[in-house]
Each structure stands twice: as C-alpha cells, then as structure tokens.
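# Take a look and give me a structure for this.
(2 chains)
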Amino acid sequence: MKYFRNLVKPYIIWSFLMIVVPLLLIVLYSVTTGGNSLVNIQFTLDNFGKIAEPIYLAVFIRSFKIGLITVLICFFMGYPLAYMIARFSEKVQSVLILVVTIPMWINMLLRTYAWISLLSDNGIINSFLVSLGFEPVTMMYTDFAVAVGLVCDFLPFMVIPIHTSLSKIDKSLIEAAYDLGANRVQTFFRVVFKLSLPGVINGVIMTFLLAISSFVIPKLLGGGQYMLIGNLIENQFISVGDWNFGSAISLLLAVVILFLIHLMKKMDPDETEEG
Amino acid sequence: MGNKIIELKGVTKNFGEQQVLKGIDLNIYENEFLTLLGPSGCGKTTTLRIIAGFDEPSQGQVLFNGIEISKLPPYKREVNTVFQKYALFPFLNVYDNVAFGLNIKKVDKSIIAQKVSKVLKLVGLEGFEKRDVTLLSGGQQQRVAIARALVNEPKVLLLDEPLGALDAKLRKEMQIELKKIQKEVGITFIFVTHDQEEALSMSDTVVVMNEGIIQQIGTPVDIYNEPENRFVADFIGESNIIEAVMLRDCLVQFDGFQFECVDKGFKDEEEVEVVLRPEDIDIVKPENAKITGVVKSLVFKGVHHEIVVQTKYRDYLIHTTDYFEVGLAVGLSFGPEDIHVMYKMDY
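Residues are numbered from 1 along each chain as shown, chains lettered A, B, ... in the order given. Purely as a prediction, here's the structure:
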C-alpha cells in the first residue's frame, strides 16, 4: 500500500487550494473591513454584530422555519415511500429507486420553471380551478410555493438513505418481534423504525442542509422580496458587494450546520455504539 | 409421554414450483425434546417456521392442543423461537431484549423485573442486565436469545439450529445446558439441526427428514440401531450398507454366506439392505470368520483407527482401537444382533 501513497498527494494539494484556502479567506473576510481588497486589513467583529439586526435575524428565522417545514414534509412523504419500496423484491426495488431519482436528472432550473407555470396566477392549476367554477388561488411567491419547490427537489435525499436503512434490516429481527407477541403496528414502532433511524437521521440532515442553504428556488418561487439565508449571502456578494458581511453570514451558517450535524450524530445509535 | 400438544396433518409447502414439504404427519407431545434432523434443504426449517407461524402451509393442518392454528399469525401463538443467528435487537440491552415480549403484553414492571432476573439466572447470565447485546460473545448472545424466548413461558420452544454458529467446545457445553434447561422448565423443545451427533445426544425423539419427507421417527437408540432405510443409516453415522436377501425370519444372506440375525416380519426371499455399523465389526483371524479380506488402509482418528478391509464383494469400514498392518489377511466377525435389516429403498 505504501507504493500508492504518493497518488494521494495531488488530491491533498488540490483540496488544500480549493477548499482550505477559500475557507480561510472566508474567515479572514468575516473579521475584516474594507470591501474586497486584501491590501488594507482592518480587523473588526462588526460583521457578526450586524447579523443580530432584526431584518437579518428575521431571514435566519424564516430560513430555519422553511427548512424545518421542508424536512417534515419530506419525512412524512419520504418514509412511507421508502417503506413501500423496501417491501418489493430486490429487482423491483432498484427500478423504483431509479424512478425516485429521475427528477434529479433534469436541470433544477427547468424543474423550477415548470413549477412556475403550474402555480402562477393564470397557470395550469388555477386555469383548472377556474374552469371548475372556483376562485383562482394565489400560490406563487408564498411559503407554500417555496416549500413545494424545495420538497420536490430534496425528497430523493430523504427517500434514499431511509430506503437503504430499511432494506438492510435483518428479516429475522422482524420475525423475532412477531414471535414475541408484537403485532404489525407494534413491530413497526418498536423494531423497524428504530432500525431505520440512521437513515432517517441522514435524510433529515441532508434535506435540512440543502433546504436552508438553497437560493435559486426561493428566488424564483418566492419572488425577489423573499429572502432566505442563501439569497442574503448571494446578495451580499453580487448586488451589495459587502463581501465581509456575506462571509460572516456564511461562516455562521457553517457553524450552525456543523453543530446540528454533531447533535444528530449523537442521536444516531450506530455512532454511539461504544457508549 | 404426555398429551399431544402439536399435530401436523398432511402438511405440504410449495415455494413457487418447488415443493419443499411433501406431506408431513407428525405428533409432538408435552415435555418432549424433539429434534428435526436432516441435510440442508430437507424441509426441517420450513417445518419449524410453519409451527412458528412465519410460513403458512400450502395444504394440511397444524393443530395446537387440538385447535387448528395454521392461519394464526405468529404473535398470537403460544410458541417462541430461538433464531439461528439469535436475532437480538441491537438497540436494546440484555434486560430490554429479554423483557421485550413482556413489555408488549403490558405486564406490570415489577413482575417483569422478577421474571427477567429469574430467567437470566436460569441461563447463567446474572449481572448482564445492562450489557450491550452487540458486544456479547456468541455463546452469551445465544443465552440471551434463549432467555428472551423462555421468559414468555411458551408451551413450546422452537430452536432453529441455535448452536450452528458456536465453536465445537462451546457447542458441547450448550447441548448439555439446553437439555438441563428443558428439564427444568418442563416444556416441549423442537430443535432443528443437521448435526446427527447433536440430535442423538439431546433428544427424546428424533425425526429424520430428507427431501420434504419424514424418513423415520424414533428414539435416538432406535434411529441409530434400527434405521428404517438406507438414507437414515447413511445420515446417522458411518455405516456399511449391504444388499442382501431375507431368506426367512432371522436368517439373512449376503456376500455369499448366510447369517443369523434378529429381524423378523419380512417376506421370505425379500430383497433387503443390511446395516453393519463400523464399530460392531470385529477383526479376527481369517480362519475364525466367514467373510475374509485384506486390510486396505488404516487411518488414525484419535480414539480409534479407521480401517478399510477389502473383501471379495465390497470394502468394509471398521472402527477399532487395535492396530492392523496394511496388507494383513483378516476375517470379519459380527454377532446376530449387529446385523440391522432394513427395507430396500426405491430410487
């Protein structure tokens, strides 16, 4: 194995240049002032203080709320779906998992535009409602539209890890539960669900992270005024030009996410086996 | 023996095109240690799963205390299973694994605690309550699995090759322990194994199965000494199986000689097969025996030597503690009670 050790070196150099250096730059930007020039460095913590201002705090709260809603909907749709898929024969399962991932093959922008034409005031759904004699409903530029877009995009990230966990469950454990007197419902909650928890935790982390850091879907389906953390960061870099504040938000988000992952991992039975 | 507790009547099982059980009729009694013995694929595990309720028979009936239960789901049956790979719940500790069934039945917490500690004592796992089951050794997991089943006080305990994953020494210990536990709790054990030695040493009744058919039901001594056909004789230990003709009651002819035996009830001149166990044949001087030959090979097996003697008609396998040189001319001697006559199998 020693022989191949040198093959890792290009990757280490590459990841240092492309991941570690930019990360350090973000840290540097977040604690300095002076636009995007690196010549004239002045350290400050004002960028972080700015986040506590009510307008920006509201963006954080709204993002977490939307993230949470997306995770909940993805979970309550994704778990039953994964459970049903896992009950089929292995061949059928792989086909069904493929079907679940098909939307991911289509460009995300295209999918989002498709939602616009479905949800807009004179879009397909509203035309249908009007033709049935109902009042048209405003769906675009609401929490609903954003949640629909996010759920549709991120559902596979919930379904796949849960399905993986479920399909790995040793059938004899389920039989053991039946054998010990548990009916189907008791067996599900006392055995199957607990054994699928690692998948659930992975799915929740993934969909939550994707949902709170997304910016294209909230922009297109939530409208220009609809600010989530992702949009705020994008704005700071592209429209406002305040790279320092943008970096501070990014850093804070990264810390919050790392903390959440740590918290979730603690709940994962597989990770705390030694305890 | 006690009352009939489980009765299988004409049970068959098809998996797709394949018929795994071809009509099983079996009575199982109270307090009996019954072993289903056979090579892999003989249908012994399927039979057990039908009794447990995990599989439904394609045809036939399963009666429990005289009541038909073949459509009853496993969680409504008064039987518990010890699974081949234990199937312990990895997210529960020893105590909670054992208490699982009682918790489901909403038994009072203090009674659960009493019963669990009693059963853990029975299987020799006192003080293991808080241990993580995934960190126990194979033998300890085995004991937890037995405790988890027994704590529910089933009428019948089903054991699906429970000792298969243990090493030889631990296996022997668990065999003795299981027999002891069965005596102590006084319930029926149905034990599935492919190991004939295990079956013979533990059981009250052995059911030998092959290709979905019961070949013979009997006590270990019967099965060993009076195998009903070539399959049973061959499967239960090594043996010399010889084609022979039953001349009349207590007289059988093979290898060109007539021998007295103790078997009766065959037709005169009926073609039969004779079993001579390797340990029942004595090697003597050629002039003192009817069948003679030369020692073809000798293998040291620890307690005994395994000797093959080549004779005019066939090679005989003999186990003896004595040493005989290869090439030596010898005679083979056996008494009337060593000759076991069986019906000839149709192939």
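
# so where do the strands sit in the stretch 101-250 of chain B?
B:156-160, B:188-193, B:205-210, B:213-218, B:240-248 (DSSP state E, counting those that start in this stretch).

# can you list those in a markdown table and add mean neighbour count?
Yep, even glycine has a C-beta here, placed from its N, CA and C like the rest. Below are the strands of the stretch 101-250 of chain B laid out as a markdown table (neighbours: other Cβ atoms under 10 Å in any protein chain shown):
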| stretch | mean neighbour count |
| --- | --- |
| strand B:156-160 | 24 |
| strand B:188-193 | 24 |
| strand B:205-210 | 24 |
| strand B:213-218 | 19 |
| strand B:240-248 | 17 |
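
# lowest-confidence helix or strand of chain A?
strand A:42-43 (a mean of 80; mean pLDDT, DSSP states H and E).

# by contact count, what packs against that one?
Judged by 3 or more Cβ pairs under 8 Å, 6 or more residues apart in numbering or on different chains; DSSP states H and E, strand A:42-43 is in contact with strand A:32-33.

# starting at the chain centroid, how far to the strand it packs on?
31 Å (Cα atoms, centre = their mean, to the nearest Å).

# Pull up the pairing partners for that strand, direction included.
Counting by DSSP bridges, the strands paired with strand A:32-33 are strand A:42-43 (antiparallel).

# domain parsing for chain B?
Here the domain assignment for chain B is B:4-225, B:238-343, based on automatic domain parsing.

# Can you say which of these is nearest to chain A?
domain B:4-225 (3.7 Å; Cβ to the nearest Cβ).

# And the average pLDDT for that closest one is what?
Rounded to a whole number, the mean pLDDT of domain B:4-225 is 92.

# Between the two ends of that domain, how far is it?
Using Cα to Cα, to the nearest Å, the end-to-end distance of domain B:4-225 comes to 26 Å.

# now the residue with the largest distance to the centre of chain B, nearest residue through space, not along the chain?
The C-alpha centroid of chain B is most remote from B:Glu287, which lies 40.8 Å away (Cα atoms, centre = their mean). Of all residues not flanking B:Glu287 in the chain, B:Gly331 sits nearest, at 7.0 Å (Cβ to Cβ, 6 or more residues apart in numbering or on different chains).

# Would you mind measuring from that neighbour to B:Glu260?
Distance of B:Gly331 to B:Glu260, given as Cβ to Cβ, to the nearest Å: 17 Å.

# Those two - which one has more neighbours?
Ranked by neighbour count (other Cβ atoms under 10 Å in any protein chain shown), B:Gly331 and B:Glu260 place B:Gly331 first, with 18 against 11.

# that's a strand at that one, yeah?
Yes: counting by DSSP: H, G, I helix; E, B strand; the rest coil, B:Gly331 falls inside a strand.

# so what's it up against?
B:283-292 (Cβ atoms under 8 Å, 6 or more residues apart in numbering or on different chains).

# Can you give me the buried ones in the longest helix along chain A?
Assignment by DSSP state H gives helix A:54-86 as the longest helix of chain A. By neighbour count on 16 or more other Cβ atoms under 10 Å in any protein chain shown, the buried set for helix A:54-86 is A:56, A:59-60, A:62-64, A:66-67, A:69-71, A:73-75, A:78-79, A:81-83, A:85-86.

# now for that helix, which elements pack on it?
For helix A:54-86, the packing partners by 3+ Cβ pairs under 8 Å, 6+ apart are helix A:46-51, helix A:90-101, helix A:143-168, helix A:193-213, helix A:229-235.

# Identify whichever of these lies nearest to chain B.
helix A:193-213 (5.0 Å).

# The closest one near chain B at all?
Yes: Helix A:193-213 lies within reach of chain B by Cβ under 8 Å from any Cβ of the partner chain, at A:194-195.

# Tell me what B:Met258 is bridged to.
Wrong residue type there; residue B:258 is Gln, not Met. B:Gln253.

# if I pick it, what's in contact with it?
B:Gln258 sits in contact with B:247, B:251-252, where contact means Cβ under 8 Å, 6+ apart.

# Quick check: which of these are also close to chain A?
Applying Cβ under 8 Å from any Cβ to the contacts of B:Gln258, none is adjacent to chain A.

# gap between B:Val144 and A:Phe157?
37 Å.

# if you count what's nearby, which of the two comes out ahead?
More neighbours surround B:Val144 than the other of B:Val144 and A:Phe157, with 25 against 22 (other Cβ under 10 Å).

# So the more buried one versus B:Arg131, what's the distance?
9 Å.

# For the two, list the residues in contact with both.
With Cβ under 8 Å, 6+ apart as the test, B:Val144 and B:Arg131 both reach B:Val94.

# so what's the most centrally placed residue in chain A up against?
Computing the C-alpha centroid of chain A and ranking residues by Cα atoms, centre = their mean puts A:Leu210 first, at 2.3 Å. By Cβ under 8 Å, 6+ apart, A:Leu210 lies in contact with A:150, A:153-154, A:157.

# So what's the residue count around the residue in the stretch 1-150 of chain A that chain B sits nearest to?
Across the stretch 1-150 of chain A, the shortest distance to chain B (Cβ to the nearest Cβ) belongs to A:Ser89, at 12.4 Å. A:Ser89 has 7 neighbours, counted by other Cβ under 10 Å.

# Counting neighbours, which bits of stretch B:38-48 end up buried?
Using 16+ other Cβ under 10 Å as the burial criterion, the residues of stretch B:38-48 that qualify are B:38, B:42-48.

# From the chain's centroid, how far away is that stretch?
On Cα atoms, centre = their mean, the centre of stretch B:38-48 falls 11 Å from the chain's centre.

# Quote the end-to-end distance of that stretch.
13 Å.

# does chain A sit close to that stretch?
No: Stretch B:38-48 lies out of reach of chain A by Cβ under 8 Å from any Cβ, never closer than 11.5 Å.

# Not counting its own residues, what contacts that stretch?
Stretch B:38-48 is touched from outside by B:8, B:11, B:13, B:20-22, B:24, B:26, B:36-37, B:55, B:81, B:158, B:160-161, B:190, B:192, B:194, B:208-213, B:215, B:235, with contacts defined as Cβ under 8 Å, 6+ apart.

# Also stretch A:24-37?
A:38, A:40-48, A:241-244, A:246-248, A:250-251.

# go again using 7 Å as the cut-off
Around stretch A:24-37, the neighbours that count as contacts under Cβ atoms under 7 Å, 6 or more residues apart in numbering or on different chains are A:40-45, A:47, A:241, A:243-244, A:247-248, A:250-251.

# ok, now stretch B:5-16?
For stretch B:5-16, using Cβ under 7 Å, 6+ apart, the contacting residues are B:19-30, B:46, B:50-51, B:55, B:57-65, B:155-156, B:188.

# Quick check: bridge partners of the residue nearest to B:Glu287?
So, taking DSSP bridges as the rule, B:Gly331 has B:Val284, B:Thr292 as bridge partners.

# for the one 10 residues further on, same thing?
Taking DSSP bridges as the rule, B:Val341 bridges to B:Val274.

# doesn't B:Glu271 make contact with it?
No: the criterion here is Cβ atoms under 7 Å, and B:Val341 misses it with B:Glu271 at 10.9 Å.

# Looking at these two, which one has more neighbours?
Neighbours were counted for B:Val341 and for B:Glu271 using other Cβ under 10 Å; B:Val341 has more, 21 against 12.

# what sits against the residue of the stretch 1-150 of chain A closest to chain B?
With Cβ under 7 Å, 6+ apart, A:Ser89 has no contacts at all.

# And the pLDDT at it?
90.

# For it, grab phi and psi.
Per-residue torsions, A:Ser89: phi -70, psi 160 (degrees, to the nearest 10).

# What count of nearby residues applies to A:Val216?
Count around A:Val216 with other Cβ under 10 Å applied: 15.

# Which strands or helices does the top helix by length along chain B pack on?
In chain B, taking DSSP H as the definition, the longest helix is helix B:168-185. Packing contacts for helix B:168-185, counted by 3 or more Cβ pairs under 7 Å, 6 or more residues apart in numbering or on different chains; DSSP states H and E, involve helix B:138-150, helix B:196-202.

# Export these as TSV, with columns for distance to chain A.
Listed next are the helices and strands packed on helix B:168-185 as TSV, based on distance: least, Cβ to the nearest Cβ, whole Å:
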stretch	distance to chain A
helix B:138-150	7
helix B:196-202	21
